[in-house]
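1. sequence and predicted model, in that order:
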Amino acid sequence: MKLFRKGATLMAILFFAAVTAYGADPIKLPPPSPQGKMSVEEALKKRRTVRQFAQRGLDLSQVSQLLWATDGKSDAKGLRTAPSAGATYPLEIYLVAGERGVTGLTPGLYQYRPDSHTLELTQKGDLRAQVSRASLHQTWMAEAPVMVVIAAEYRRCMARYGDRGIKYTHMEVGHAGQNLFLQAEALGLAAGIVGAFEDRNLKETLHLPPQHEPLLIMPVGYSH
């Protein structure tokens, strides 16, 4: 147990040191739009899981809308677009941006901050191929210009609901994933969904803090 705690502490130190090393200011995302051109009903009818993507990047306004829809702040009180048990909000959203994946955005891993609607660079470089290898070598994933990784800090929900908080967190990631699916469709984009990955390998690839457990990966882009 002591060895585990020391290992977890070391991982946390390395993670925060890596983040601090960049010293980059948070990237303010364009404001999300509360209105779109497609109805919820039409998005539901058209939504499909896609595994082939065109070699075409996104712009920052599209990324802004996608992340906000996934689990962004939806009112001044801090409530989010995805329902959360007891408003404990255990989810953490990361963006893997590929080379030329997003206009004006350096390739790398970014953490989404819902309260400020900003992105924080945590790791530089195009990580799509590494993420696909950690996902049982599903090479199709690397074709997408971006991937949204949804992780969870279980203890936020468990502090209120005990072990049942794990189930509530899994429900919440389903809500967030469907939000992303529908928003992508409404923007004329497409999304895939991946739950098959090696947890430890993925965490090491993304240098996630030890308390953030990856639950879902959703590649997003234009359908091929």
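-> Sure, I can see it.
2. pull the CA atoms of the longest strand belonging to the chain into PDB?
-> Assignment by DSSP state E gives strand 213-221 as the longest strand of the chain. Taking C-alpha atoms only, strand 213-221 is exported to PDB below (Å, rounded to 0.1, in the frame of the first residue of the first chain):
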ATOM      1  CA  GLU A 213      -9.500   7.100 -15.000                       C
ATOM      2  CA  PRO A 214     -10.100   7.000 -18.800                       C
ATOM      3  CA  LEU A 215     -13.600   5.700 -19.600                       C
ATOM      4  CA  LEU A 216     -14.200   6.600 -23.300                       C
ATOM      5  CA  ILE A 217     -12.500   7.900 -26.400                       C
ATOM      6  CA  MET A 218     -14.500   9.600 -29.200                       C
ATOM      7  CA  PRO A 219     -12.700  10.400 -32.400                       C
ATOM      8  CA  VAL A 220     -14.400  13.300 -34.200                       C
ATOM      9  CA  GLY A 221     -14.100  14.800 -37.700                       C
END
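3. if you average pLDDT over that strand, what comes out?
-> Taken as a whole, strand 213-221 has a mean pLDDT of 98.
4. numbering from 499 from now on, please.
-> Fine by me, first position is 499 from now on; the one you just mentioned is strand 711-719.
5. packing partners of it?
-> For strand 711-719, the elements it packs on are strand 644-650, helix 662-684, strand 688-689, helix 697-704, judged by 3 or more CB pairs under 8 Å, 6 or more residues apart in numbering; DSSP states H and E. No exception for glycine: its C-beta is placed from N, CA and C like everyone else's.
6. redo those as CSV? Include distance to residue 597 and mean pLDDT.
-> Formatted as CSV, these follow (distance: least, CB to CB, whole Å; pLDDT from 0 to 100):
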stretch, distance to residue 597, mean pLDDT
strand 644-650, 11, 98
helix 662-684, 21, 98
strand 688-689, 20, 98
helix 697-704, 17, 98
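7. make TSV from the ones you listed and add mean neighbour count and distance to residue 558 to it.
-> Listed next are the helices and strands packed on strand 711-719 as TSV, based on neighbours: other CB atoms under 10 Å; distance: least, CB to CB, whole Å:
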stretch	mean neighbour count	distance to residue 558
strand 644-650	25	11
helix 662-684	20	15
strand 688-689	25	18
helix 697-704	17	21
